[in-house]
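Participant: Quick one, what's the 3D model for this:
(2 chains)
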2 protein chains.
Amino acid sequence: MHFVVTGGAGFIGSHLCDALLADGHDVTAIDNFITGRPGNIAHLRDNASFRLVEHDITQELPAKEQTSLGKVDAIYHLASPASPADFTRIPLEIAIINSVGTRNVLEWARSHEARYLLTSTSEAYGDPLEHPQREDYFGNVNTIGPRACYDEGKRFAEAITSVYIREFRVDGRIVRIFNTYGPRMNPNDGRLPPQFISQALRGEPMTIYGDGSQTRSFCYVSDMVSGLRAVMDAQPEVARGKIFNVGNPDERQVRAFAELIRIISESNSEIEYRPALQDDPARRCPDISRISATLGWRPVVSLVEGMARTIEWFRTQI
Amino acid sequence: MHFVVTGGAGFIGSHLCDALLADGHDVTAIDNFITGRPGNIAHLRDNASFRLVEHDITQELPAKEQTSLGKVDAIYHLASPASPADFTRIPLEIAIINSVGTRNVLEWARSHEARYLLTSTSEAYGDPLEHPQREDYFGNVNTIGPRACYDEGKRFAEAITSVYIREFRVDGRIVRIFNTYGPRMNPNDGRLPPQFISQALRGEPMTIYGDGSQTRSFCYVSDMVSGLRAVMDAQPEVARGKIFNVGNPDERQVRAFAELIRIISESNSEIEYRPALQDDPARRCPDISRISATLGWRPVVSLVEGMARTIEWFRTQI
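Facilitator: The predicted structure follows:
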């Protein structure tokens, strides 16, 4: 099969490309490197089944590229900056990518009659008042807060995806990605695992915003990729028009998480507390009963195992 | 002053144009008549202070029009289909108008350094779990439901407005419009007042979806216009970047409302109950304490008085 992966040079996108190629599929990655990194796909350069199209999805795909794309069977739409650091750096770009960009990708799916998977986010729940979050929880998002470009951008992406599913018979599905970690995370993107690991490996203080009692649940990237693929591969009867949480329900307090990283990396870093960030969720934990019950998926990599692999990779980068 | 009113041929937009012109301002209405109606502004054709630009805001304004627009002091952004009947008829258009269209209008505000007012909606609260709704309530919206094109479209419009306010120093404000009624409502647009009035005047059964215990609170259009103007005219210190509910907190059950219309219009119509609509809010009532406290605005037209005027107008149409 021929898969398109928007954001294919990103952290999760590049692992997804690897997995699809390993199973013998053809893969076209589309990326404009606004946050994706050439290094993430450098090892695929000589793979005859892989192609990179350097393109900004908020723009029309040039006619030449449209032709050379050939028949597309399925589109994984992952393209979007997703790190909190980006929310203040490029908020307009994030809003446009998720609205205009998502619309353009939906038009490709429509014209190719390709199956389509939108990667949305646990941020669609905002600062949730229900724990863990089920897919039918409508969320608690500040529409005009500093994270709104992303949270509302993704909620809009879900809404316009549902319009294409209803109006234009697109076989679309939505995954809400919960915190994911692993090799190829940008060490400087402001998310917790790379931040803690970088600080621990450099022997710098590990920074916690707030008192560290807020919870996160982290999913190792290979589990995330298998979850995305399970949703994409599911029959329309069970997946079309549906939202699936994908993540790891192993919920930990942020300070316990910092402690674990300090131990695995054998670091002497101290933990430094700073004022809490605006709209930073107090708890975040997926309810994965829908995908477990209907598709039999669940994460298999433990936090200790995944973190050891991730720290190993970060050692080669720092 | 020179005001631009997007959606200026719409129900509320046309009344706003009238009010601005009556106070001696220049007004440019922009409308593509997707739901706006030429009849709403026909009486302004010979007014030298009024100009109509027939234009779809999801497209770039042609250079010729940009030039002839001249200096713009303030932009009221009202353009969007807003009736439930439109949500199933033109959902993609609604999503695109509120995302791409709002972005284009924000760019005009930025380049003209014009004050900007986004009309959002009480639908941004979805099916609210808090009553009445204050502006800092984050809502309860189904991102993939049949109303999502509008609800999430408007929430996205609020989010991208906040990006322009923060990043590009636009002097923007947001009004969440609650149910409004009055002359020039489209008799066939599916909203409650025109539906009930049309049915009552024709002697047809008055249709209630659900058991009629759901509440609405209706604001007469002249009150709405004065509310929008109060927010636009407010100093940046009190209004910039803020959301204001504008509506009438006089909350009534839908069946009581139908009864009132039947009485005022001296109709013999029966009331007919049908199954409830999906995602139809159970209650809807604005908390207007913010605009009342900071700007001194409150509605002054009673429901009986406003309804009598509205029914009078509908008699001339049916």
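Participant: helix or strand right after the helix or strand bottoming out on mean pLDDT in chain A?
Facilitator: Ranked by mean pLDDT, DSSP states H and E, the weakest helix or strand in chain A is helix A:63-69, scoring a mean of 88. Next in sequence after helix A:63-69, counting helices and strands by DSSP states H and E, comes strand A:74-77.
Participant: Does anything pack onto that next one? Which helices or strands?
Facilitator: On a contact count with 3 or more CB pairs under 8 Å, 6 or more residues apart in numbering or on different chains; DSSP states H and E, strand A:74-77 meets strand A:2-6, helix A:102-112, strand A:115-121, helix A:221-233. Yep, even glycine has a C-beta here, placed from its N, CA and C like the rest.
Participant: Double-check that residue A:29 belongs to a helix.
Facilitator: No: counting by DSSP: H, G, I helix; E, B strand; the rest coil, residue A:29 is not found in a helix; it is strand.
Participant: give me the number of residues near it?
Facilitator: Residue A:29 has 29 neighbours, counted by other CB atoms under 10 Å in any protein chain shown.
Participant: Reduced to three states, what does the nearest residue to residue A:255 once chain neighbours are set aside come out as?
Facilitator: Closest residue to residue A:255 apart from its sequence neighbours, by CB to CB, 6 or more residues apart in numbering or on different chains: residue A:212 at 3.1 Å. Under the three-state scheme (three-state DSSP), residue A:212 adopts coil.
Participant: what does the model give residue A:212 for pLDDT?
Facilitator: We have a pLDDT of 95 for residue A:212.
Participant: That one - how many residues pack around it?
Facilitator: Around residue A:212 there are 18 residues (other CB under 10 Å).
Participant: ok, so what distance separates it from residue A:128?
Facilitator: 19 Å (CB to CB, to the nearest Å).
Participant: that older thread, is it correct that the residue nearest to residue A:255 is in contact with residue A:273?
Facilitator: Yes: using CB atoms under 8 Å, residue A:212 is in contact with residue A:273, at 6.8 Å.
Participant: list the residues that contact both of the two?
Facilitator: Taking CB atoms under 8 Å, 6 or more residues apart in numbering or on different chains as the contact rule, residue A:212 and residue A:273 have no neighbour in common.
Participant: What residues does the stretch 201-318 of chain A have near chain B?
Facilitator: Selection of the stretch 201-318 of chain A residues close to chain B by CB under 8 Å from any CB of the partner chain yields A:241, A:243.
Participant: hey, where'd the helices end up in the stretch 201-318 of chain A?
Facilitator: Remark: helices assigned in the stretch 201-318 of chain A by DSSP state H, counting those that start in this stretch are A:221-233, A:236-239, A:254-264, A:289-295, A:303-317.
Participant: Residues contacting the second one, please?
Facilitator: The set of residues external to helix A:236-239 that reach it, using CB under 8 Å, 6+ apart, is A:171, A:173, A:231, A:294-295.
Participant: Tell me which of the helices and strands packed on strand A:74-77 lies nearest to residue B:254.
Facilitator: For residue B:254, the closest of the helices and strands packed on strand A:74-77 is strand A:115-121, at 34.1 Å, according to CB to CB.
Participant: How far off centre is the closest one?
Facilitator: 10 Å (CA atoms, centre = their mean, to the nearest Å).
Participant: Quick check: next helix or strand after that strand?
Facilitator: Criterion used, DSSP H and E; the element after strand A:115-121 is helix A:148-168.
Participant: what distance separates that following helix from the middle of the whole chain?
Facilitator: 16 Å.
Participant: how about the CA coordinates for the helix or strand following it, as CSV?
Facilitator: Counting by DSSP H and E, the next helix or strand C-terminal to helix A:148-168 is strand A:172-177. Taking Å, rounded to 0.1, in the frame of the first residue of the first chain, the C-alpha atoms of strand A:172-177 are listed here in CSV:
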residue,chain,number,x,y,z
GLY,A,172,-11.8,9.3,8.4
ARG,A,173,-10.8,8.4,11.9
ILE,A,174,-9.4,10.6,14.7
VAL,A,175,-6.7,9.7,17.3
ARG,A,176,-6.2,11.8,20.4
ILE,A,177,-2.5,11.4,21.1
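Participant: can you give me the mean pLDDT across the helix or strand following strand A:172-177?
Facilitator: Of the helices and strands lying after strand A:172-177 in sequence (DSSP H and E), the nearest is strand A:180-181. Model confidence over strand A:180-181, given as mean pLDDT, is 96.
Participant: isn't residue A:228 right up against residue A:174?
Facilitator: No: counting by CB under 8 Å, residue A:174 is not a contact partner of residue A:228; they are 11.1 Å apart.
Participant: Please identify every residue contacting each of those two.
Facilitator: residue A:117.
Participant: For the residue of the stretch 201-318 of chain A found nearest chain B, list each beta-bridge partner.
Facilitator: In the stretch 201-318 of chain A, no residue comes nearer to chain B than residue A:243, which is 6.7 Å away by CB to the nearest CB. Per DSSP bridges, the residues bridged to residue A:243 are residue A:174.
Participant: Quick one: residues contacting it.
Facilitator: Contacts of residue A:243 by CB under 8 Å, 6+ apart are A:120, A:135, A:158, A:174-176, B:143-144.
Participant: can I get these in a markdown table with pLDDT?
Facilitator: Output for the contacts of residue A:243, formatted as a markdown table (pLDDT from 0 to 100):
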| residue | pLDDT |
| --- | --- |
| A:120 | 98 |
| A:135 | 97 |
| A:158 | 98 |
| A:174 | 98 |
| A:175 | 98 |
| A:176 | 98 |
| B:143 | 98 |
| B:144 | 98 |
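Participant: Name the nearest of these relative to residue B:43.
Facilitator: Residue B:43 has its nearest neighbour among the contacts of residue A:243 in residue B:143, at 41.1 Å by CB to CB.
Participant: Spatially nearest residue to that closest one (excluding sequence neighbours)?
Facilitator: residue A:158 (4.2 Å).
Participant: next one: residue A:247
Facilitator: Closest to residue A:247 by CB to CB, 6+ apart is residue A:178, at 2.6 Å.
Participant: what's the distance between residue A:20 and chain B?
Facilitator: 26 Å (CB to the nearest CB, to the nearest Å).
Participant: Export the contacts of residue A:243 to a markdown table and append columns for distance to residue B:114 and neighbour count.
Facilitator: Putting the contacts of residue A:243 into a markdown table (distance: CB to CB, whole Å; neighbours: other CB atoms under 10 Å in any protein chain shown) gives the following:
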| residue | distance to residue B:114 | neighbour count |
| --- | --- | --- |
| A:120 | 34 | 25 |
| A:135 | 41 | 19 |
| A:158 | 32 | 23 |
| A:174 | 37 | 27 |
| A:175 | 41 | 27 |
| A:176 | 38 | 24 |
| B:143 | 32 | 27 |
| B:144 | 35 | 22 |
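Participant: tell me the contacts of the residue located most distally from the centre of chain A?
Facilitator: Computed with CA atoms, centre = their mean, the residue of chain A farthest from its C-alpha average is residue A:268, at 30.9 Å. Residues counted as contacts of residue A:268 (CB under 8 Å, 6+ apart) are residue A:203.
Participant: swap in residue A:175?
Facilitator: A:117-120, A:227-228, A:231, A:243-246.
Participant: Of those, which is the nearest to residue A:83?
Facilitator: Proximity of the contacts of residue A:175 to residue A:83 was ranked by CB to CB; the top entry is residue A:119 with 14.3 Å.
Participant: Check the closest one and give its pLDDT.
Facilitator: 98.
Participant: got it, and residue A:318?
Facilitator: 82.
Participant: What does the pLDDT read for the closest residue to it other than its chain neighbours?
Facilitator: Spatial nearest neighbour of residue A:318, excluding adjacent residues (CB to CB, 6+ apart): residue A:201 at 5.2 Å. What the model reports as pLDDT for residue A:201 is 96.
Participant: picking that back up, can you spell out which helices and strands pack onto the least confident helix or strand of chain A?
Facilitator: Against helix A:63-69 (3+ CB pairs under 8 Å, 6+ apart) you get no helix or strand.
Participant: List the buried residues of that helix.
Facilitator: residue A:69 (16 or more other CB atoms under 10 Å in any protein chain shown).
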